[in-house]
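Participant: this is a predicted model, with the sequence first.
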Amino acid sequence: MEKKTEKVRLFYTALAQGDFETVSALLADDLVWHQPGKGALSGIYNGKQNVFAHLGKMAQLSNGTFAIDQVDYVTENGDLVVAAIGFAVSASGHSMEMKGVDLFRFENGLIKEVWLFSEQIEEEDRFWNAIVENYV
């Protein structure tokens, strides 16, 4: 049986390659996604389709530049997997790079819930708010 850590690594690889068929196969239909902060994109997204719409909006707003460009480690404890990551994005004259931690909860072999944690959430909120305000 495939380890949960391997599924999370596959999730990041498929996401980076735009392989949304593989990403979709790793996610529960009733996925719950916790986007941190108080910014324009923050909130809880329920269901795989709403999560894909949210990720698509991030890609659109950033002109496809948002990337998780570093995965320092992935480890699991029971049904939970944590990944220490780094991400970067630039759009509309703004750019941001920071580290974060993503926490995945598995149920029946699928990613059922995701919590994202950013190193500097206020900075990330300011970035996305500026992009949304400038987006035409």
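Facilitator: Looks like it arrived, so ask away.
Participant: ramachandran angles for the spatially closest residue to Gln35 that is not a sequence neighbour?
Facilitator: Once flanking residues are discounted, Gln35 sits nearest to Ser42: 5.2 Å by Cβ to Cβ, 6 or more residues apart in numbering. No exception for glycine: its C-beta is placed from N, CA and C like everyone else's. According to degrees, to the nearest 10, the main-chain angles of Ser42 amount to phi -70, psi 150.
Participant: contacts only, for Ser42.
Facilitator: Counting by Cβ atoms under 8 Å, 6 or more residues apart in numbering, Ser42 touches Gln35, Pro36, Asp125.
Participant: bridging residues for the most centrally placed residue in the chain?
Facilitator: Centroid-nearest residue in the chain, with Cα atoms, centre = their mean: Leu116, separated by 6.7 Å. Note on Leu116: beta-bridge partners by DSSP bridges are Asp102.
Participant: who are the contact partners of it?
Facilitator: Each residue near Leu116 by Cβ under 8 Å, 6+ apart is listed here: Trp33, His34, Gln35, Pro36, Gly100, Val101, Asp102, Leu103.
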